[in-house]
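Visitor: no FASTA, just this:
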């Protein structure tokens, strides 16, 4: 097991460097001149000669004329920067956001907090509803409730989240006035303690409802399908024939078998708490990772976008390892002993 | 299972309704102050706050700028409701200027006694000088700020770290400072703007006990050094931020993207002595898709510069209910077809004129702005004082290029576009593309030229048009111009190429530093939009200097029109400050020459709508006087 984990960690390092180099090259292929972009705002205040001098100075400072391998090594922290320091990704320096004019760590702090806060609730809600619902539908396959749920989940699955969001806003915020249209807290409020969280949750109710509704379809159907497969296995028939209690059959015998195809998705969801939902965050005016990422791209802040992608790369690699290991915990047949 | 499902839903609704239905003042450990305040305006901004309050030295995000301008308003020179530069009489006792023998110009500014920061500490001339000493400091440059020092004598040397003394700025006494402008930048019609400084509270920018001193050679900072990291950190000081404007920052929450501002009790008034009466301003994020819902449900009170027809119509419908009101004004800018005038067919004025004639601009503006827009005939906005003062002259002298296929054809014939691809005479109405015999210089390396057996070079009337993806102007232009029957009938072909906006700008600026392909003259026509600032300065935008062209100063590439270059430069650098008549005369001449040469075809100028809760009175913004300036006159019922 330890050997397997170490081997996987070794692969992860190789994949990380390969992905980082490819990503860095891809972002640098985007046709733009960061030095020119940086000066664009003050161009009209500069005499042409001064503009040209500053432009050259900036190109030198940004190292834009150096070969891409050298720039990559500096960015990664494998080569010294212009001040003679090793200051890159490996040293924990994620770079500087040219749009926000701040260190990337500073920029990401607030959106990451919001995204994690929202996603924890969304994930718990979605799993808390879809798993029991999927199991119930599988056990009562073909019943009225199952048919109704099938229709509902198809609708939830088919309608784009953006439309669901607008529909919910119209019904719950504009018509019924139950929830606010957007935002993450009462503007200007200085709540603390429990009241702060209650206020935040009140504002997040609508986006959470949309996220949950949007994810009901897929997950419920996964769970239902996996459970139907598990319930049709021979050992379930044997257990029932032996007179084992139905609850034990479902939750102890069938559910453990159904868990194998679902576990990857469930872990993926939990790992996904770090990544924001572009549509939800933009529609509800939430300052999260999804909206930050699109803002970085729209404003040509590729250092920020790249740093975020590298973070997600690491999360994905770790997630893949956890998923593989978790299969072994769930099902002894695929446990890795070497 | 059913129970669990029901429980979860109930919990969700319970959490929601526990706050939604009740009074937000109840039950909290520390209730919100704002909920008790009715004398407030919640300003919805579609631009998210970045939280950079660093005097626009780093970035210039629109929402950050709104906050900055609301908390800082003691600039010596400011702009009035018409966009004209005016002395801020609440701050100054007078501004005088003298021209020096070496061509420089010195402004001496008297600062009023009794001015205070929001924390009650006095503001003196030293605080204004401190602004210059920080803004031009090498430490600020090292902190990543972008400030141009060239206009002030001694500032480039000071910024380069060659001297500790800023010779062009003098602290004459507690209530007087002077600033000397470099001869290279004079005469300049807007030179008063160079004299303008604002007070800067030094303890917020440096931990060292810095003071401003002047021993007769210029101002300098005594008592320590400015540190880049401290200057950088000053941008994000939110708690107890010291400022001098109509409002003070109570809080800025980047998590919820909200800034809360309250009245500054020590504010002396704006340039007219006006003080604010609205107690609190909240700046919040407005989501483009749902902002009208936010307004209708009371989540925000004010939305500015609506242009979308559906949104404007909804605002007008909301106004009919009596619960909301609107204010509208002309945009100080326009959307246009921009030509590059140094290659291909668009190098010929007749072709540019023909394009203008082939597009029904009134219909275009009406369709695109959905009834809330107008058309201009040159690079001006209808709110400008220059336009208002010369309206009659412009109306009688400018060509409005009224839609006419016949006029387009006549222009083309006059311009020599009378041949077929094989050199035979072109027959009107044939539906073929016209050709013109051109010289090798005119032909250049335009990709579509045809060389006949007899050596003649023919250029087709084929225009390559670059437009950005997902652009509704481009879509309408494609229908009404590029693919229109009238264009084909006139013998013109416009080929649209859709690309990313970044790609478009690279071609537009011919930025070969990004990729050599962008340096190749490829597209003769672009559709873009631009706004004008209160200081109408078009210098260098029409330069014919090859070096400046290479640096991207003249994106029209109007190399064959030195008159346009001269007029655009003379308008600001050839006119003494205060000589409004000379400025206006040059401006009119510039507009007339522009209209004749037509480096761009103006398409539309929007009518902006501000929509607000009916409780707000006297909030009269315009395109030259924005919310942060106008709000000091506003009241809330």
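Guide: Yes, it's here. The structure presented is a predicted model; accordingly, all values stated were derived computationally and were not measured.
Visitor: and the residue lying closest to residue B:613 once chain neighbours are set aside, how many neighbours?
Guide: Nearest non-adjacent residue to residue B:613, counting by CB to CB, 6 or more residues apart in numbering or on different chains: residue B:301, 4.3 Å away. All C-beta spots, glycine's among them, are computed from the backbone N, C-alpha and C. Close neighbours of residue B:301, defined as other CB atoms under 10 Å in any protein chain shown, add up to 25.
Visitor: again with residue A:21
Guide: If we define neighbours as other CB under 10 Å, then residue A:21 has 15 of them.
Visitor: also residue B:565?
Guide: 21.
Visitor: how is the chain divided into domains?
Guide: Just going to use chain A. A:20-93, A:105-330 (automatic domain parsing).
Visitor: wait, chain B was what I had in mind.
Guide: B:9-28+B:53-236, B:337-607.
Visitor: and of the ones you listed, who's closest to chain A?
Guide: Taking CB to the nearest CB, domain B:9-28+B:53-236 is the member of those nearest to chain A, at 3.5 Å.
Visitor: can you give the distance from the closest one to the centre of its chain?
Guide: 20 Å (CA atoms, centre = their mean, to the nearest Å).
Visitor: could you give the average pLDDT over it?
Guide: Mean per-residue pLDDT for domain B:9-28+B:53-236: 89.
Visitor: which bits of the stretch 1-150 of chain A sit near chain B?
Guide: A:30-33, A:36, A:38-39, A:41-42, A:44-48, A:50-52, A:55, A:96, A:99-102, A:110, A:113-114, A:125, A:128-129, A:132-133, A:135-136 (CB under 8 Å from any CB of the partner chain).
Visitor: kindly recompute the last result at 7 Å.
Guide: A:31-33, A:36, A:41-42, A:45-48, A:50-52, A:100-101, A:110, A:113-114, A:125, A:128-129, A:132-133, A:136 (CB under 7 Å from any CB of the partner chain).
Visitor: which of the residues you listed fall in helices?
Guide: Assigned to helices by DSSP state H, the following of those qualify: A:36, A:48, A:50-52, A:110, A:113-114, A:125, A:128-129, A:132-133, A:136.
Visitor: between all of the residues you listed, which two are separated the most?
Guide: Largest separation among those by CB to CB: A:48 and A:136, giving 73.1 Å.
Visitor: which one's more surrounded, these two?
Guide: Just comparing residue A:48 and residue A:136: by other CB under 10 Å the higher neighbour count belongs to residue A:136, 23 against 17.
Visitor: would you indicate which residues of stretch B:384-401 are buried?
Guide: For stretch B:384-401, a neighbour-count test (16 or more other CB atoms under 10 Å in any protein chain shown) marks B:384, B:386-387, B:390, B:394, B:398, B:401 as buried.
Visitor: tell me which residues touch residue B:432, please.
Guide: If you count contacts by CB atoms under 7 Å, 6 or more residues apart in numbering or on different chains, residue B:432 has them with B:420, B:491.
Visitor: I'd guess it is in a strand, am I close?
Guide: No: Residue B:432 is assigned coil when assessed by DSSP: H, G, I helix; E, B strand; the rest coil, not a strand.
Visitor: residue B:173 and residue A:73: what is the separation?
Guide: 56 Å (CB to CB, to the nearest Å).
Visitor: thought residue B:558 was touching residue B:542?
Guide: Yes: using CB atoms under 7 Å, residue B:558 makes contact with residue B:542 at a distance of 5.5 Å.
Visitor: for the helix or strand harbouring residue B:442, which outside residues touch it?
Guide: Per DSSP states H and E, residue B:442 falls inside helix B:440-443. Helix B:440-443 has contacts (CB under 7 Å, 6+ apart) with B:347, B:449, B:457, B:459.
Visitor: can you report phi and psi for the first one?
Guide: Per-residue torsions, residue B:347: phi -70, psi -20 (degrees, to the nearest 10).
Visitor: contacts only, for residue 77.
Guide: All of this refers to chain A. A:86-91, A:93.
Visitor: right idea, wrong chain: chain B
Guide: Contacts of residue B:77 (CB under 7 Å, 6+ apart): B:85, B:87-88, B:192-193, B:195-196.
Visitor: highest neighbour count among those residues?
Guide: residue B:195 leads the contacts of residue B:77 on contacts (other CB under 10 Å) with 25 neighbours.
Visitor: please tell me how far the closest residue to that residue other than its chain neighbours sits from residue B:134.
Guide: In this structure, residue B:195 finds its nearest non-sequential neighbour in residue B:107, 3.5 Å apart by CB to CB, 6+ apart. As judged by CB to CB, residue B:107 and residue B:134 stand 19 Å apart.
Visitor: do residue B:84 as well
Guide: In terms of CB to CB, residue B:84 sits 28 Å off from residue B:134.
Visitor: which one in chain A is furthest away from the centre?
Guide: Farthest-out residue of chain A from its mean C-alpha position, per CA atoms, centre = their mean: residue A:49, at 46.7 Å.
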